[in-house]
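K.L.:
Using only what follows, build the 3D model:
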Amino acid sequence: MAEKDIDKLLSLTDSKYRLSVIIAKRALQLRSGAPSVLPVEQRVRTHNLVTQAMRELAGGKLTIGEELIDEDRMNQEYQRARQAQLQAQLNAERDRERDRDRD
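P.N.:
Numbering: from 1, shown residues only. This is a model prediction of the structure:
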C-alpha cells in the first residue's frame with residue numbers, strides 16, 4: 001500500500017513530516033475506536049491500522065483536518081479504556097490470589 005500510493009499521499013500534504021503525523025493520528029483514532037470510513041471489504045484485508053489510515057486518505061475518504069474525531073475526546077476515551085483494562089487486570093490478579101489462598 002505505502003509504495004503504491006505514496007506519491008498520491010505526498011501530494012495531499014506539504015511535507016513528508018505532515019503526512020506522517022496525519023497518518024499516525026488517524027491510526028491512533030482507529031485504535032481508540034473511531035469508525036473506519038472504508039468499505040467493509042477493504043477493512044478486512046488488513047489489521048494494520050497505519051495501512052488502513054493510509055487507504056482512507058489515499059481513497060479520498062478523509063479530508064485532512066475534517067471528519068476526524070476530536071482529539072481531546074479521543075484521548076479521554078483512550079484513557080477511560082486503558083483504566084478499565086488495568087482495572088480488569090487487577091481484578092483478575094486478585095481473583096487468582098483468592099483462589100490460591102482457598103487451596
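K.L.:
Which strand or helix spans residue 55?
P.N.:
helix 49-58 (DSSP states H and E).
K.L.:
Sort out which residues of that helix are buried, please.
P.N.:
49, 50, 52, 53, 54, 55, 56, 57, 58 (16 or more other CB atoms under 10 Å). C-beta: built from backbone N, CA, C; applies to glycine.
K.L.:
tell me which of the residues you listed is nearest to residue 96?
P.N.:
Residue 96 has its nearest neighbour among these in residue 49, at 31.9 Å by CB to CB.
K.L.:
how far away is that closest one from residue 77?
P.N.:
16 Å (CB to CB, to the nearest Å).
K.L.:
Outline the domain layout of the protein.
P.N.:
Listed domain ranges for the chain are 1-69, 70-103 (source: automatic domain parsing).
K.L.:
most packed of the ones you listed?
P.N.:
When those are scored by mean count of other CB atoms under 10 Å, the highest mean neighbour count falls to domain 1-69 (a mean of 14).
K.L.:
starting at the chain centroid, how far to it?
P.N.:
10 Å (CA atoms, centre = their mean, to the nearest Å).
K.L.:
per-residue confidence averaged over that domain?
P.N.:
In this model, domain 1-69 has an average pLDDT of 78.
K.L.:
need the strands for the chain, in chain order.
P.N.:
Shown for the chain, no strands are assigned by DSSP state E.
K.L.:
got the residue ranges for the helices in it?
P.N.:
2-11, 16-31, 40-43, 49-58, 71-102 (DSSP state H).
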